[in-house]
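>>> Please work out how this folds:
(one chain, ligands or ions: 1)
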Amino acid sequence: MNSDIQKIKSDKVVSYSKKIEDGSKSEKASPIGVFDSGVGGLSVLSQITRLLPHEDIIYIADTARVPYGGRPDDEIIKINREILDHFEKAKVKAVVMACGTSSSIAYPVLKEKYKFPIISLIRPGAKAALDKTHNQKIGVIATLATINSKAYEGTIHELKDTAKVLSSPCPLFVPMIEGGFIETDETRKIAVEYLKPLLKEGIDTLILGCTHYPHLVKVLSSIAGPNVALVDPSEYAANELMEVLGKHQLLNSKNHKAKYSYLVTGKVEQFLELGNKLFSRPIASAKQIKL
Ligand code: DGL
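Down below sits the predicted model:
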């Protein structure tokens, strides 16, 4: 890790540390909030549960409003505020924005507004890509809102100004995945078109900048080929969460058997059916909520 990355990393821990002191009610046994517009955040949840198997989780899938990616910024921020308010009432000890669109649009505006630390995917994704790339040509695929925000581009250039960032919005992917089109011929054909301009430029690293996209990893890696490393920001984001909780003695006891609650704003049955196909562990039940 280069010294710039190290510095940004330590700044980050200091700012979380201040928040946790200010909000001293945080408890080890409190749950962690994780959310997305739908099943995308389950790819992040897999990494969190792998690293932190003793933590209780509340997962919100805002399926009534999926997709977020074509909405105006103020609407995305309003939606995120409602979700974070819900987590505040549930007394969570931290929140992971398991959504690239929320991380790029709402995180910069809302990160200081709550007492609990909020983890975004952008910086972890940018760091992961810079760790992987050899030729400094990094591709980013994400929703339209994320690409237009230039969040990845800006963060990568903060960390390494000589890196070249090439972006391609993929607006059809989220509706397709939520509709259950994962490894179909249609998905593949669309993916070929989305990746074409990036591969033509010779990227050696591709950030999956939307948390739905790791569900397409087989299709994407077969198109990108063995010379392009696919980066899922959630691995580094889960590490950042562990680091923040560990530093402040907020990790739950190792004897604790974790409980997972799934809250959805849309149809419960639809979430259970797709969630159980895509998530690494069974989802027995979910509850519908209004935000
Ligand atoms: N998983 C969300 C993301 O990472 C999808 C956004 C959407 O609903 O369009 O951006």
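
>>> State the pLDDT value of residue 27.
pLDDT, residue 27: 86.

>>> swap in residue 140?
Value for residue 140, per-residue pLDDT: 98.

>>> part of a strand, is it?
Yes - according to DSSP: H, G, I helix; E, B strand; the rest coil, residue 140 belongs to a strand.

>>> check contacts around residue 275.
39, 42, 61, 262, 283, 286 (CB atoms under 8 Å, 6 or more residues apart in numbering). Placement of C-beta: from N, CA and C, glycine included.

>>> wait, which of the residues you listed is closest to the ligand?
residue 39 (8.3 Å; CB to the nearest ligand atom).

>>> quick one, strands of the stretch 1-150 of the chain?
Assigned by DSSP state E, counting those that start in this stretch, the stretch 1-150 of the chain shows strands spanning 32-36, 57-61, 94-97, 118-119, 137-142.

>>> Now do the contacts for the one residue sitting closest to the centre of the chain.
Of all residues in the chain, the one closest to the mean position by CA atoms, centre = their mean is residue 98, 3.2 Å from it. Residue 98 makes contact with 34, 35, 36, 40, 41, 43, 44, 45, 121, 211, 234, according to CB under 8 Å, 6+ apart.

>>> Ok, residue 166 next?
Residue 166 makes contact with 137, 138, 139, 140, 197, 198, 201, 203 under the criterion CB under 8 Å, 6+ apart.

>>> Per-residue confidence, residue 280, what does it come out as?
88.

>>> Run a quick neighbour tally on the closest residue to it other than its chain neighbours.
In space, and not counting its chain neighbours, residue 280 is closest to residue 46: 4.6 Å by CB to CB, 6 or more residues apart in numbering. Residue 46: 19 surrounding residues under other CB atoms under 10 Å.

>>> Start the count at 389 instead of 1 going forward.
Fine by me, first position is 389 from now on; the one you just mentioned is residue 434.

>>> how about the residues of the stretch 489-638 of the chain near the ligand?
489, 531, 534, 562, 598, 599, 600 (CB under 6 Å from any ligand atom).

>>> Show me those residues that map onto helices.
Judged by DSSP state H, helices contain the following of these: 489, 534, 562.

>>> so how far is residue 443 from the last one?
Here the distance between residue 562 and residue 443 works out to 27 Å (CB to CB, to the nearest Å).

>>> Can you name the helix or strand that residue 594 falls in?
Assigned by DSSP states H and E, residue 594 belongs to strand 593-596.

>>> pLDDT of that strand, averaged?
98.

>>> Let me know the next secondary structure element after it.
helix 605-612.

>>> neighbours around residue 580, how many?
12.

>>> Doesn't it lie inside a helix?
Yes - counting by three-state DSSP, residue 580 is part of a helix.

>>> are any of the contacts of residue 663 buried, and which?
Those of these that meet the buried threshold are 427, 430, 449, 650, 671, 674, by 16 or more other CB atoms under 10 Å.

>>> hang on, the earlier thing: give me the buried entries from the contacts of residue 554.
Using 16+ other CB under 10 Å, the buried ones in those are 525, 526, 527, 528, 586, 591.

>>> Among these, which one sits closest to the ligand?
residue 528 (11.7 Å).

>>> list the contacts for the closest one?
535, 540, 541, 553, 554, 555, 556, 594, 595, 597.

>>> Give the other helices and strands that the helix or strand containing residue 576 contacts.
Under the criterion of DSSP H and E, residue 576 resides in helix 573-588. Counting contacts by 3 or more CB pairs under 8 Å, 6 or more residues apart in numbering; DSSP states H and E, helix 573-588 is packed against strand 525-530, strand 552-557, helix 561-566, helix 605-612.
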